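[1] the sequence and its predicted three-dimensional model are supplied below.
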Amino acid sequence: MTLPSNLLSGKKILLGVTGSIAAYKSLELLRLYIKAGADVRVVMSPAAKKFVAPLSFEALSRNRVLDDTNESWADDFNHIKIVQWADILVIAPASANTIAKLANGIADTILTQCALAFSGLKLLAPSANTNMIQNPMIQASMKMLAIANYEIVATQTKELACQVVGDGAMAEPLDIFWHTARTLLKNDFWSDRRVIVTGGGTIERLDDVRFISNFSSGKMASALAAALFLRGADVNLIATRFENDLPQGIHTIDVESSEEMHEYLTDSIRIAKKGKLSKPSLIHDEPIALIQKEPYLFMAAAVSDYVPLHPQAGKLKKEMLGDTWTIAMKQNVDLLSDCNKEGIKTVAFKAETDRSVATQNARNLLERKGVNAVCLNVIDASNPFGGDTNAIDFITSVESITLPKNDKLTVALHILEQAESL
């Protein structure tokens, strides 16, 4: 997925690096932040400098690196002023030693001093040997930090530097990037709102080796799911095709046929409409239903209009079929018309190839299928299926707004801006 160069424009990130073999991955994380338009400054612990030289971070960030040897009170290059500058503090990697220090309020390095002085939300991406990360003291420290304005980006299980396969490896830089971007970009409207997105072209089997489908890549649906994640939504993406670099926090359901998509869509809508339950508190012994924001449904999937009447098991042999093969088809169930849209805002997607009738066809869909808005996508040589860019007309019963051609994640963010007013 193409990351917009202005996604984090105007955002100020303080990146803390501690002594771990994963420190080299922080260079890639820094690169992602810079590529997305953020202004990044780096603070390093003494141990971190044993793994990566400060010069590498300075070259990428175009800013001096703050460490224990160069703090200055003649300007803002100190642990108080630099955290006042930052919108967020990200510590990646966070060693077991640093985690224990932070949990106990110990500030014996410039990095831990910054963490103690920063009052905003802090992201922590731990990195340690399996036995170290699972040590009860470190586990207790992370639980303590989780209720002290820290968010923990979970470690992963893989082969560690000690050549042992186990839990403790730092999350991938892209996962930490997504987590950071969500923290910086989420808003009140979408936060904790349940949203369903469908995507990709459905695959209708003729036999066990052949199928009928279409050119829909699922990229727009993936971009919508990523945009919703960034805005703070609880996202469920039901699709036949996915981008391979989606945020880990998106719940995905991999389907194939329209029948399978219909089944999961029906269940997902039912679940999305249910109110969430709070956790029992000291005052209430039983969980209580929380106020549920109205869920949203974005139907971006290209569902087959017709499906094979007689799909066959096994492989049909051409000797059996003869010189010509006539495939009997039947009209498919219309998922958009059939799904229960009561109590859920619904945005449909419509692809057209003839611009002269495209808008009217979209308006007809709006009225005929009872949706709240239609995203019209006119397919032509400059805007083909499967491309990395898109142009959308966002059409409601009262207006039509053109969203100019851009990368699909940017277009998705603009769609969400319009969808907030439905």
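    Structure received.
[2] ok, Leu15 - contacts?
    Shown in contact with Leu15 (CB atoms under 8 Å, 6 or more residues apart in numbering): Ser26, Leu29, Leu30, Tyr33, Val40, Arg41, Val42, Val43, Phe57, Val90, Ile91, Ala92. The way it works is simple: take the backbone N, C-alpha and C, and place the C-beta from them, glycine included.
[3] go with 10 Å
    26, 29-30, 33, 38, 40-44, 57, 61, 65, 86, 88-92, 123, 176, 180 (CB atoms under 10 Å, 6 or more residues apart in numbering).
[4] one more: Lys341?
    Neighbours of Lys341 in contact, by CB under 10 Å, 6+ apart: Ile269, Leu297, Met299, Lys369, Gly370, Val371, Asn372.
[5] between those, which is closest to Phe77?
    Comparing the contacts of Lys341 against Phe77 with CB to CB places Leu297 closest, at 49.9 Å.
[6] for that closest one, give its distance to Val411.
    18 Å (CB to CB, to the nearest Å).
[7] Ala53 contacts Val42, correct?
    No. Using CB atoms under 10 Å, Ala53 is not in contact with Val42, being 11.7 Å away.
[8] which stretches of this protein form helices?
    Counting by DSSP state H, the chain has helices at residues 25-35, 54-61, 81-85, 96-103, 110-117, 130-133, 136-146, 173-185, 219-230, 258-272, 318-321, 335-338, 355-368, 408-419.
[9] which stretch in those helices has the least confidence?
    The stretch with the lowest mean pLDDT among these is helix 318-321, at a mean of 84.
[10] residues touching it, excluding its own?
    Gln312, Trp325.
[11] what comes up buried for that helix?
    Within helix 318-321, no residue is scored as buried using 16 or more other CB atoms under 10 Å.
[12] alpha carbons of that helix, as PDB, please.
    This file holds the C-alpha atoms of helix 318-321, laid out as PDB (Å, rounded to 0.1, in the frame of the first residue of the first chain):
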ATOM      1  CA  LYS A 318     -12.100 -31.000 -22.400                       C
ATOM      2  CA  GLU A 319     -12.800 -34.400 -24.000                       C
ATOM      3  CA  MET A 320     -16.100 -34.500 -22.100                       C
ATOM      4  CA  LEU A 321     -16.900 -30.900 -22.900                       C
END
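[13] need the buried ones from the contacts of Lys341 selected in PyMOL.
    To isolate the buried members of the contacts of Lys341 in PyMOL, using 16+ other CB under 10 Å:
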select buried, resi 269+297+299+369+371+372
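[14] quick one, domains of the protein?
    Per the record, the chain has its domains at 12-184, 187-419, by automatic domain parsing.
[15] wait, what's in contact with Ala86?
    11-15, 39-41, 43, 114, 118, 120, 122.
[16] how much space separates it from Lys12?
    5 Å.
[17] do Met142 as well
    For Met142, the distance to Lys12 - CB to CB - is 26 Å.
[18] quick one, which of the domains of the chain is nearest to Thr2?
    domain 187-419 (4.5 Å).
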